[in-house]
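Chemist: Predicted model and sequence below, questions to follow.
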Amino acid sequence: MAQTSNRIIVLRGMKDALVLGNQVSPLMLKGLVITSALMGAIPVGMAWTSKQIIDSITHSGNRLMNPEWYLLAEALLAVIFLGSNKFDAIISIALKAKLGHCVREKIIAKVQSFSLNQMEDPSICDLIIRTRKYSETRPLSILKKSSEIGHYLIATFFAGIILFQYAPVLLVAILLASIPVLIADMKFNGDLFEILLWKSPANRMKLYIESILTSETTAKEVRVFGFATLLMNRFRTLFYDQYQHEQKLTLRRSVWNVILSSIGQLVLYLAFGWSIYRAIHGEITIGEMTMLMLLLRQSQTSIVSLMSAVASLYDDCLYMCDFAELMHMKEEMSKSGVQQGRLPGDGIRFENVSYRYPKETRFALSGINLHIKPGASVAILGANGSGKSTLVKLIIGLYTPSDGRITLDGTSLEDWDRSALNRRLSTVF
(Lines give C-alpha, C1' and ligand atoms only; values in the text may rest on other atoms or scores of the structure.)
Protein backbone atom coordinates (compact mmCIF):
# COMPACT_ATOMS: atom_id res chain seq x y z
CA MET A 1 0.00 0.00 0.00
CA ALA A 2 2.70 2.45 1.00
CA GLN A 3 4.58 1.86 -2.27
CA THR A 4 1.53 2.61 -4.43
CA SER A 5 1.44 6.22 -5.64
CA ASN A 6 -1.46 8.47 -4.71
CA ARG A 7 -2.39 8.94 -8.36
CA ILE A 8 -2.62 5.18 -9.01
CA ILE A 9 -4.74 4.68 -5.87
CA VAL A 10 -7.20 7.38 -6.95
CA LEU A 11 -7.37 6.19 -10.56
CA ARG A 12 -7.98 2.58 -9.51
CA GLY A 13 -10.65 3.59 -7.02
CA MET A 14 -12.42 5.81 -9.55
CA LYS A 15 -12.29 3.09 -12.18
CA ASP A 16 -13.80 0.46 -9.82
CA ALA A 17 -16.53 2.90 -8.70
CA LEU A 18 -17.37 3.86 -12.29
CA VAL A 19 -17.58 0.21 -13.33
CA LEU A 20 -19.93 -0.53 -10.43
CA GLY A 21 -22.00 2.59 -11.13
CA ASN A 22 -22.29 1.69 -14.80
CA GLN A 23 -23.40 -1.83 -13.90
CA VAL A 24 -26.09 -0.46 -11.59
CA SER A 25 -27.45 2.42 -13.73
CA PRO A 26 -25.69 4.23 -16.64
CA LEU A 27 -28.60 6.69 -16.77
CA MET A 28 -28.07 7.79 -13.16
CA LEU A 29 -24.37 8.33 -13.83
CA LYS A 30 -25.22 10.65 -16.73
CA GLY A 31 -27.68 12.47 -14.45
CA LEU A 32 -24.90 13.11 -11.91
CA VAL A 33 -22.67 14.56 -14.63
CA ILE A 34 -25.40 16.89 -15.93
CA THR A 35 -26.46 18.17 -12.50
CA SER A 36 -22.81 18.76 -11.52
CA ALA A 37 -22.19 20.81 -14.67
CA LEU A 38 -25.29 22.94 -14.05
CA MET A 39 -24.50 23.52 -10.36
CA GLY A 40 -20.97 24.58 -11.32
CA ALA A 41 -21.87 27.06 -14.06
CA ILE A 42 -25.07 28.66 -12.70
CA PRO A 43 -23.55 30.54 -9.69
CA VAL A 44 -21.17 32.38 -12.04
CA GLY A 45 -24.11 33.39 -14.24
CA MET A 46 -25.99 34.63 -11.17
CA ALA A 47 -22.98 36.76 -10.13
CA TRP A 48 -22.90 38.31 -13.62
CA THR A 49 -26.65 39.09 -13.54
CA SER A 50 -26.22 40.71 -10.09
CA LYS A 51 -23.59 43.01 -11.59
CA GLN A 52 -25.92 43.94 -14.43
CA ILE A 53 -28.79 44.66 -12.03
CA ILE A 54 -26.67 46.99 -9.89
CA ASP A 55 -25.11 48.74 -12.89
CA SER A 56 -28.54 49.22 -14.47
CA ILE A 57 -29.87 50.83 -11.30
CA THR A 58 -26.81 53.05 -10.75
CA HIS A 59 -26.60 53.86 -14.50
CA SER A 60 -22.96 52.79 -14.70
CA GLY A 61 -21.29 50.35 -17.05
CA ASN A 62 -22.85 49.02 -20.27
CA ARG A 63 -26.61 48.67 -19.86
CA LEU A 64 -27.92 45.93 -22.16
CA MET A 65 -31.41 45.43 -20.68
CA ASN A 66 -33.70 46.81 -18.00
CA PRO A 67 -32.93 45.55 -14.46
CA GLU A 68 -36.27 43.71 -14.40
CA TRP A 69 -35.10 41.36 -17.15
CA TYR A 70 -31.82 40.68 -15.35
CA LEU A 71 -33.76 39.95 -12.18
CA LEU A 72 -36.01 37.53 -14.08
CA ALA A 73 -32.95 35.84 -15.60
CA GLU A 74 -31.34 35.47 -12.16
CA ALA A 75 -34.58 34.04 -10.72
CA LEU A 76 -34.70 31.51 -13.57
CA LEU A 77 -31.09 30.51 -12.90
CA ALA A 78 -31.89 30.12 -9.19
CA VAL A 79 -34.83 27.81 -10.00
CA ILE A 80 -32.66 25.68 -12.33
CA PHE A 81 -29.94 25.50 -9.66
CA LEU A 82 -32.44 24.43 -7.00
CA GLY A 83 -33.94 21.82 -9.35
CA SER A 84 -30.48 20.46 -10.20
CA ASN A 85 -29.62 20.23 -6.50
CA LYS A 86 -32.82 18.33 -5.67
CA PHE A 87 -32.42 16.04 -8.68
CA ASP A 88 -28.84 15.31 -7.64
CA ALA A 89 -30.08 14.34 -4.14
CA ILE A 90 -32.73 12.00 -5.62
CA ILE A 91 -30.14 10.27 -7.82
CA SER A 92 -27.80 9.88 -4.84
CA ILE A 93 -30.48 8.22 -2.72
CA ALA A 94 -31.38 5.78 -5.50
CA LEU A 95 -27.72 5.00 -6.26
CA LYS A 96 -26.89 4.51 -2.57
CA ALA A 97 -29.32 1.62 -2.20
CA LYS A 98 -28.45 -0.07 -5.50
CA LEU A 99 -24.67 0.35 -5.19
CA GLY A 100 -24.67 -0.82 -1.57
CA HIS A 101 -26.59 -3.97 -2.52
CA CYS A 102 -24.29 -4.58 -5.52
CA VAL A 103 -21.16 -4.32 -3.34
CA ARG A 104 -22.62 -6.65 -0.69
CA GLU A 105 -23.54 -9.24 -3.35
CA LYS A 106 -20.04 -9.16 -4.82
CA ILE A 107 -18.41 -9.54 -1.40
CA ILE A 108 -20.67 -12.46 -0.46
CA ALA A 109 -20.14 -14.21 -3.82
CA LYS A 110 -16.37 -13.77 -3.58
CA VAL A 111 -16.15 -15.06 0.00
CA GLN A 112 -18.17 -18.15 -0.95
CA SER A 113 -15.47 -19.03 -3.48
CA PHE A 114 -12.71 -19.06 -0.83
CA SER A 115 -11.33 -22.25 0.64
CA LEU A 116 -11.47 -22.91 4.38
CA ASN A 117 -7.71 -22.24 4.45
CA GLN A 118 -8.36 -18.73 3.19
CA MET A 119 -11.32 -18.16 5.52
CA GLU A 120 -9.20 -19.10 8.54
CA ASP A 121 -6.26 -16.89 7.51
CA PRO A 122 -6.29 -13.93 9.98
CA SER A 123 -5.12 -11.40 7.37
CA ILE A 124 -7.85 -12.46 4.92
CA CYS A 125 -10.39 -12.47 7.75
CA ASP A 126 -9.40 -8.88 8.64
CA LEU A 127 -9.65 -7.89 4.97
CA ILE A 128 -13.17 -9.33 4.70
CA ILE A 129 -14.28 -7.54 7.88
CA ARG A 130 -12.87 -4.20 6.71
CA THR A 131 -14.38 -4.59 3.26
CA ARG A 132 -17.81 -5.43 4.64
CA LYS A 133 -17.68 -2.55 7.11
CA TYR A 134 -16.20 0.24 5.00
CA SER A 135 -16.62 -0.53 1.28
CA GLU A 136 -20.40 -0.52 0.99
CA THR A 137 -20.76 3.27 0.82
CA ARG A 138 -17.42 4.06 -0.86
CA PRO A 139 -18.41 3.62 -4.55
CA LEU A 140 -21.25 6.15 -4.22
CA SER A 141 -18.98 8.49 -2.26
CA ILE A 142 -16.34 8.26 -5.01
CA LEU A 143 -18.92 8.97 -7.72
CA LYS A 144 -20.31 11.90 -5.71
CA LYS A 145 -16.85 13.30 -4.98
CA SER A 146 -15.91 12.95 -8.66
CA SER A 147 -19.05 14.84 -9.71
CA GLU A 148 -18.35 17.49 -7.06
CA ILE A 149 -14.82 17.90 -8.39
CA GLY A 150 -16.29 18.44 -11.86
CA HIS A 151 -18.78 20.92 -10.40
CA TYR A 152 -16.07 22.93 -8.61
CA LEU A 153 -13.75 22.84 -11.62
CA ILE A 154 -16.49 24.26 -13.85
CA ALA A 155 -17.34 26.94 -11.27
CA THR A 156 -13.65 27.88 -10.87
CA PHE A 157 -13.10 27.89 -14.65
CA PHE A 158 -15.95 30.28 -15.48
CA ALA A 159 -15.25 32.50 -12.48
CA GLY A 160 -11.57 32.48 -13.44
CA ILE A 161 -12.34 33.72 -16.96
CA ILE A 162 -14.02 36.83 -15.52
CA LEU A 163 -11.52 37.37 -12.68
CA PHE A 164 -8.61 37.01 -15.10
CA GLN A 165 -9.80 40.13 -16.93
CA TYR A 166 -9.58 42.18 -13.73
CA ALA A 167 -6.77 40.69 -11.60
CA PRO A 168 -5.28 37.33 -12.58
CA VAL A 169 -2.79 37.51 -9.72
CA LEU A 170 -5.63 37.33 -7.15
CA LEU A 171 -7.00 34.12 -8.64
CA VAL A 172 -3.53 32.56 -8.59
CA ALA A 173 -3.03 33.68 -4.97
CA ILE A 174 -6.31 32.08 -3.85
CA LEU A 175 -5.40 28.88 -5.67
CA LEU A 176 -1.90 28.72 -4.15
CA ALA A 177 -3.26 29.42 -0.66
CA SER A 178 -5.57 26.38 -0.95
CA ILE A 179 -2.98 23.83 -2.11
CA PRO A 180 -1.38 23.29 1.36
CA VAL A 181 -4.84 22.36 2.72
CA LEU A 182 -5.07 19.60 0.07
CA ILE A 183 -1.60 18.26 0.87
CA ALA A 184 -2.32 18.23 4.60
CA ASP A 185 -5.72 16.52 4.17
CA MET A 186 -4.28 13.78 1.96
CA LYS A 187 -1.41 13.23 4.40
CA PHE A 188 -3.74 12.91 7.40
CA ASN A 189 -6.25 10.72 5.49
CA GLY A 190 -3.40 8.37 4.64
CA ASP A 191 -2.28 8.31 8.28
CA LEU A 192 -5.84 7.57 9.41
CA PHE A 193 -6.08 4.65 6.99
CA GLU A 194 -2.78 3.26 8.24
CA ILE A 195 -4.18 3.41 11.79
CA LEU A 196 -7.25 1.51 10.57
CA LEU A 197 -5.03 -1.25 9.14
CA TRP A 198 -3.07 -1.37 12.39
CA LYS A 199 -6.31 -1.55 14.40
CA SER A 200 -7.81 -4.53 12.52
CA PRO A 201 -6.06 -7.34 14.47
CA ALA A 202 -6.54 -5.45 17.75
CA ASN A 203 -10.27 -4.98 17.04
CA ARG A 204 -10.58 -8.70 16.35
CA MET A 205 -8.86 -9.45 19.67
CA LYS A 206 -11.16 -7.01 21.52
CA LEU A 207 -14.24 -8.72 20.06
CA TYR A 208 -12.84 -12.11 21.09
CA ILE A 209 -12.13 -10.96 24.66
CA GLU A 210 -15.58 -9.35 24.90
CA SER A 211 -17.26 -12.55 23.73
CA ILE A 212 -15.34 -14.62 26.32
CA LEU A 213 -16.32 -12.25 29.14
CA THR A 214 -20.01 -12.05 28.16
CA SER A 215 -20.82 -15.52 26.81
CA GLU A 216 -22.55 -18.19 28.87
CA THR A 217 -20.42 -20.90 27.22
CA THR A 218 -17.19 -19.52 28.73
CA ALA A 219 -18.65 -18.19 31.99
CA LYS A 220 -17.58 -21.27 34.01
CA GLU A 221 -13.92 -21.13 32.95
CA VAL A 222 -13.69 -17.35 33.48
CA ARG A 223 -14.97 -17.68 37.05
CA VAL A 224 -13.16 -20.88 38.01
CA PHE A 225 -9.75 -19.72 36.79
CA GLY A 226 -10.24 -16.03 37.63
CA PHE A 227 -9.62 -14.74 34.10
CA ALA A 228 -11.92 -11.70 34.34
CA THR A 229 -9.38 -9.18 35.67
CA LEU A 230 -6.62 -10.33 33.31
CA LEU A 231 -8.86 -10.15 30.24
CA MET A 232 -10.40 -6.83 31.26
CA ASN A 233 -6.93 -5.30 31.64
CA ARG A 234 -5.99 -6.58 28.21
CA PHE A 235 -9.24 -5.24 26.73
CA ARG A 236 -8.62 -1.83 28.34
CA THR A 237 -4.99 -1.69 27.14
CA LEU A 238 -6.02 -2.43 23.54
CA PHE A 239 -8.60 0.36 23.64
CA TYR A 240 -6.30 3.03 25.07
CA ASP A 241 -3.50 2.18 22.63
CA GLN A 242 -5.91 2.85 19.76
CA TYR A 243 -7.44 5.89 21.42
CA GLN A 244 -4.09 7.62 21.96
CA HIS A 245 -3.01 7.14 18.35
CA GLU A 246 -6.32 8.50 17.02
CA GLN A 247 -6.37 11.48 19.39
CA LYS A 248 -2.83 12.53 18.47
CA LEU A 249 -3.72 12.40 14.78
CA THR A 250 -6.98 14.33 15.33
CA LEU A 251 -5.17 17.07 17.28
CA ARG A 252 -2.41 17.47 14.68
CA ARG A 253 -4.98 17.54 11.88
CA SER A 254 -7.11 20.19 13.60
CA VAL A 255 -4.15 22.48 14.31
CA TRP A 256 -2.86 22.36 10.75
CA ASN A 257 -6.37 22.80 9.35
CA VAL A 258 -6.92 25.99 11.35
CA ILE A 259 -3.52 27.43 10.37
CA LEU A 260 -3.82 26.68 6.65
CA SER A 261 -7.49 27.71 6.41
CA SER A 262 -6.67 31.02 8.11
CA ILE A 263 -4.09 31.76 5.42
CA GLY A 264 -6.74 31.19 2.74
CA GLN A 265 -9.18 33.54 4.48
CA LEU A 266 -6.49 36.24 4.80
CA VAL A 267 -5.78 36.08 1.06
CA LEU A 268 -9.53 36.32 0.32
CA TYR A 269 -10.02 39.46 2.40
CA LEU A 270 -6.96 41.08 0.86
CA ALA A 271 -8.66 40.50 -2.50
CA PHE A 272 -11.86 42.06 -1.13
CA GLY A 273 -9.86 45.11 -0.01
CA TRP A 274 -8.35 45.42 -3.49
CA SER A 275 -11.83 45.35 -5.09
CA ILE A 276 -13.17 48.02 -2.70
CA TYR A 277 -10.08 50.20 -3.27
CA ARG A 278 -10.57 50.12 -7.05
CA ALA A 279 -14.29 50.92 -6.72
CA ILE A 280 -13.57 53.89 -4.40
CA HIS A 281 -11.12 55.31 -6.96
CA GLY A 282 -13.58 54.82 -9.84
CA GLU A 283 -11.52 52.16 -11.62
CA ILE A 284 -14.48 49.74 -11.57
CA THR A 285 -18.23 50.19 -11.11
CA ILE A 286 -20.19 49.26 -7.98
CA GLY A 287 -21.74 46.41 -9.97
CA GLU A 288 -18.31 45.16 -10.99
CA MET A 289 -17.10 45.37 -7.40
CA THR A 290 -20.12 43.37 -6.25
CA MET A 291 -19.55 40.78 -8.96
CA LEU A 292 -15.84 40.52 -8.16
CA MET A 293 -16.50 40.05 -4.45
CA LEU A 294 -19.12 37.36 -5.22
CA LEU A 295 -16.79 35.60 -7.67
CA LEU A 296 -13.82 35.85 -5.33
CA ARG A 297 -15.88 34.29 -2.54
CA GLN A 298 -17.24 31.63 -4.92
CA SER A 299 -13.77 30.91 -6.30
CA GLN A 300 -12.24 30.60 -2.85
CA THR A 301 -15.11 28.35 -1.70
CA SER A 302 -14.94 26.29 -4.91
CA ILE A 303 -11.16 25.87 -4.71
CA VAL A 304 -11.22 24.92 -1.02
CA SER A 305 -14.14 22.56 -1.65
CA LEU A 306 -12.31 21.16 -4.67
CA MET A 307 -9.22 20.46 -2.58
CA SER A 308 -11.36 18.93 0.16
CA ALA A 309 -13.20 16.75 -2.40
CA VAL A 310 -9.88 15.55 -3.85
CA ALA A 311 -8.62 14.65 -0.35
CA SER A 312 -11.91 12.87 0.45
CA LEU A 313 -11.75 11.09 -2.90
CA TYR A 314 -8.26 9.86 -2.02
CA ASP A 315 -9.60 8.69 1.36
CA ASP A 316 -12.48 6.79 -0.29
CA CYS A 317 -10.13 5.24 -2.84
CA LEU A 318 -7.89 3.96 -0.03
CA TYR A 319 -10.86 2.01 1.34
CA MET A 320 -11.77 0.82 -2.16
CA CYS A 321 -8.28 -0.72 -2.32
CA ASP A 322 -9.52 -3.31 0.19
CA PHE A 323 -12.51 -4.08 -2.03
CA ALA A 324 -10.28 -4.38 -5.11
CA GLU A 325 -7.80 -6.59 -3.24
CA LEU A 326 -10.62 -8.91 -2.14
CA MET A 327 -12.16 -9.09 -5.62
CA HIS A 328 -8.79 -9.90 -7.25
CA MET A 329 -7.74 -12.46 -4.64
CA LYS A 330 -7.00 -15.88 -6.08
CA GLU A 331 -9.66 -18.50 -5.37
CA GLU A 332 -8.15 -21.71 -4.00
CA MET A 333 -11.36 -23.76 -3.97
CA SER A 334 -11.87 -25.67 -7.22
CA LYS A 335 -15.28 -25.30 -8.86
CA SER A 336 -15.25 -28.03 -11.52
CA GLY A 337 -13.54 -31.35 -12.08
CA VAL A 338 -14.15 -35.06 -12.46
CA GLN A 339 -17.40 -36.73 -11.39
CA GLN A 340 -15.81 -40.09 -10.49
CA GLY A 341 -12.37 -41.48 -9.72
CA ARG A 342 -10.21 -43.56 -12.05
CA LEU A 343 -10.14 -46.46 -9.54
CA PRO A 344 -13.76 -46.90 -8.33
CA GLY A 345 -13.94 -48.64 -4.95
CA ASP A 346 -10.37 -47.71 -3.93
CA GLY A 347 -11.63 -45.48 -1.11
CA ILE A 348 -9.61 -42.69 0.56
CA ARG A 349 -5.80 -42.69 0.55
CA PHE A 350 -3.33 -40.40 2.30
CA GLU A 351 0.06 -40.46 0.56
CA ASN A 352 2.75 -38.94 2.79
CA VAL A 353 0.43 -36.03 3.68
CA SER A 354 1.61 -33.09 5.77
CA TYR A 355 -0.32 -29.97 6.68
CA ARG A 356 0.73 -26.66 8.16
CA TYR A 357 -1.66 -23.82 8.95
CA PRO A 358 -1.06 -20.46 7.21
CA LYS A 359 1.74 -18.40 8.80
CA GLU A 360 2.60 -21.25 11.20
CA THR A 361 6.08 -22.76 11.33
CA ARG A 362 5.03 -26.06 12.97
CA PHE A 363 3.22 -28.80 11.01
CA ALA A 364 -0.16 -29.82 12.45
CA LEU A 365 0.20 -33.18 10.66
CA SER A 366 3.33 -34.67 9.14
CA GLY A 367 3.99 -37.68 6.88
CA ILE A 368 0.53 -39.27 7.21
CA ASN A 369 -0.07 -42.45 5.19
CA LEU A 370 -3.58 -43.88 5.48
CA HIS A 371 -5.98 -46.05 3.49
CA ILE A 372 -9.71 -46.12 4.33
CA LYS A 373 -11.58 -48.72 2.27
CA PRO A 374 -15.28 -48.33 1.40
CA GLY A 375 -17.51 -49.63 4.19
CA ALA A 376 -14.75 -49.50 6.82
CA SER A 377 -15.29 -47.96 10.25
CA VAL A 378 -12.27 -46.04 11.54
CA ALA A 379 -11.88 -44.31 14.90
CA ILE A 380 -9.46 -41.35 15.04
CA LEU A 381 -8.13 -40.91 18.59
CA GLY A 382 -5.70 -38.40 20.03
CA ALA A 383 -5.11 -35.68 22.61
CA ASN A 384 -6.35 -32.13 22.24
CA GLY A 385 -4.43 -30.36 19.48
CA SER A 386 -3.06 -33.60 18.00
CA GLY A 387 -4.69 -32.92 14.59
CA LYS A 388 -7.90 -34.98 14.63
CA SER A 389 -10.12 -32.18 13.28
CA THR A 390 -7.43 -31.17 10.81
CA LEU A 391 -7.33 -34.76 9.50
CA VAL A 392 -11.11 -34.82 9.02
CA LYS A 393 -11.04 -31.46 7.20
CA LEU A 394 -8.34 -32.82 4.90
CA ILE A 395 -10.42 -35.94 4.18
CA ILE A 396 -13.47 -33.97 3.06
CA GLY A 397 -11.42 -31.48 1.01
CA LEU A 398 -11.83 -28.38 3.20
CA TYR A 399 -8.04 -28.17 3.54
CA THR A 400 -5.43 -28.77 0.84
CA PRO A 401 -2.28 -30.67 1.95
CA SER A 402 0.92 -28.69 2.28
CA ASP A 403 2.80 -31.79 1.09
CA GLY A 404 1.71 -35.13 -0.35
CA ARG A 405 -1.74 -35.83 -1.73
CA ILE A 406 -5.12 -37.28 -0.82
CA THR A 407 -7.08 -39.41 -3.30
CA LEU A 408 -10.65 -40.65 -3.51
CA ASP A 409 -11.04 -43.69 -5.77
CA GLY A 410 -7.56 -43.09 -7.19
CA THR A 411 -8.09 -39.42 -8.09
CA SER A 412 -6.71 -36.45 -6.13
CA LEU A 413 -9.35 -34.53 -4.18
CA GLU A 414 -8.14 -31.36 -5.91
CA ASP A 415 -9.25 -32.81 -9.28
CA TRP A 416 -12.78 -33.67 -8.15
CA ASP A 417 -15.82 -31.56 -8.93
CA ARG A 418 -16.84 -29.86 -5.67
CA SER A 419 -20.50 -30.88 -5.96
CA ALA A 420 -19.59 -34.50 -6.75
CA LEU A 421 -17.20 -34.56 -3.79
CA ASN A 422 -19.90 -33.20 -1.48
CA ARG A 423 -22.20 -36.04 -2.57
CA ARG A 424 -19.55 -38.62 -1.63
CA LEU A 425 -18.23 -37.12 1.62
CA SER A 426 -19.92 -35.45 4.58
CA THR A 427 -19.18 -34.66 8.20
CA VAL A 428 -20.71 -33.13 11.35
CA PHE A 429 -18.49 -30.85 13.47
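Modeler: Looks like it came in fine.
Chemist: Checking Thr407 next. Helix, strand or coil?
Modeler: The three-state assignment at Thr407 reads strand, by DSSP: H, G, I helix; E, B strand; the rest coil.
Chemist: Distance check, it against Val338.
Modeler: Note on Thr407: its distance to Val338, by CB to CB, to the nearest Å, is 11 Å. For glycine as for every other residue, the C-beta is placed from the backbone atoms N, C-alpha and C.
Chemist: higher neighbour count, those two?
Modeler: Under the criterion of other CB atoms under 10 Å, the comparison of Thr407 against Val338 puts Thr407 first, with 21 against 15.
Chemist: my guess is that one meets Val353, correct?
Modeler: No. Taking CB atoms under 8 Å as the definition, Thr407 is not a contact partner of Val353, at 10.4 Å.
Chemist: Can you pull the phi/psi pair for Ser366?
Modeler: Main-chain torsions, Ser366, degrees, to the nearest 10: phi -140, psi 130.
Chemist: Once you drop chain neighbours, what's closest to it?
Modeler: With CB to CB, 6 or more residues apart in numbering as the criterion, Ser366 has its nearest non-adjacent residue at 4.6 Å, and that residue is Ser354.
Chemist: quick one: the one you found and Gly387 touch, right?
Modeler: No. Checked against CB under 8 Å, the pair Ser354 and Gly387 is beyond contact range at 10.5 Å.
Chemist: what do those two both touch?
Modeler: In the contact map built from CB atoms under 8 Å, 6 or more residues apart in numbering, the residues linked to both Ser354 and Gly387 are Leu365.
Chemist: Secondary structure element holding the closest residue to Tyr399 other than its chain neighbours?
Modeler: The spatial neighbour of Tyr399 that comes closest, neighbours along the chain excluded (CB to CB, 6+ apart), is Lys393 at 4.7 Å. In this structure, Lys393 is located in helix 388-395 according to DSSP states H and E.
Chemist: Any buried residues in that helix, and which?
Modeler: Along helix 388-395, these residues count as buried under the neighbour rule (16 or more other CB atoms under 10 Å): 390-395.
Chemist: Relative to Arg132, how far out is the residue nearest to the spatial centre of the chain?
Modeler: Nearest to the centroid of the C-alpha atoms of the chain, with distances taken as CA atoms, centre = their mean, sits Tyr319, at 2.9 Å. Taking CB to CB as the measure, Tyr319 and Arg132 are separated by 12 Å.
Chemist: Could you do Ser115 as well?
Modeler: Ser115 is 19 Å from Arg132, by CB to CB.
Chemist: Near Leu249, how many other residues are there?
Modeler: 15.
Chemist: I misspoke; the intended subject was Arg423.
Modeler: The burial metric for Arg423, expressed as a neighbour count using other CB under 10 Å, is 10.
Chemist: Also Ser123?
Modeler: For Ser123, the number of neighbouring residues by other CB under 10 Å comes to 12.
Chemist: Over to the one 10 residues further on?
Modeler: Per other CB under 10 Å, the neighbour tally for Lys133 reads 13.
Chemist: and Pro358, which of the three is it?
Modeler: Three-state assignment for Pro358 (three-state DSSP): coil.
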